[in-house]
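*Asks:* here is a sequence together with a model predicted from it:
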Amino acid sequence: MKATFPERDYSILIADDDTNCRQALRDIMGAEGFRTFTASCGEEALDIVREKDVHLALLDMHMPTLTGLETLQLARQIKSMLPAILITGDFNEGLIRQACQLHFYSVIPKPINKNVVLYTVLRALAGAYGRR
């Protein structure tokens, strides 16, 4: 299944301190034709948001220094309408509520499932940028 947005060149920010998860997400997104930027922590993710044209952020909840929630709050000070998806190994109702309050598009549990991630990313991009 190839990305259904050929009219746009979308870039995805992937922030996760787990190297294997970060690489797996990069491989999934890259295979679908998305440009990817990777970060191992929230601070690196914020640098990328400042310097690059990011269309969507995939943020791990538990990273050193800044959580995925905190990273999105700060990233939205730079790019106010940045769509984001939270990825977590600690999937629970409290976290889902917090993510909803911060307007994350969705929360995806770890271990990640390629089809779930890809479907969620495509839906988030369609919601944020529409289809032509």
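*Replies:* Cool, got the structure.
*Asks:* how about low-confidence regions in this protein?
*Replies:* Applying pLDDT under 70 to the chain flags residues 1-8, 131-132.
*Asks:* where do the strands sit along it?
*Replies:* 11-15, 35-39, 56-60, 84-88, 106-109 (DSSP state E).
*Asks:* can I get those in CSV with mean neighbour count and distance to Ala75?
*Replies:* Backbone N, C-alpha and C define where each C-beta goes, glycine included. Shown next, in CSV, are the strands of the chain (neighbours: other CB atoms under 10 Å; distance: least, CB to CB, whole Å):
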stretch, mean neighbour count, distance to Ala75
strand 11-15, 24, 8
strand 35-39, 19, 11
strand 56-60, 27, 6
strand 84-88, 24, 8
strand 106-109, 18, 17
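*Asks:* mind putting these into a markdown table with distance to Gly127?
*Replies:* Shown next, in a markdown table, are the strands of the chain (distance: least, CB to CB, whole Å):
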| stretch | distance to Gly127 |
| --- | --- |
| strand 11-15 | 15 |
| strand 35-39 | 20 |
| strand 56-60 | 10 |
| strand 84-88 | 11 |
| strand 106-109 | 10 |
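*Asks:* how far away is the most centrally placed residue in the chain from Ser106?
*Replies:* Nearest to the geometric centre of the chain sits Leu58, at 1.3 Å (CA atoms, centre = their mean). Distance of Leu58 to Ser106, given as CB to CB, to the nearest Å: 10 Å.
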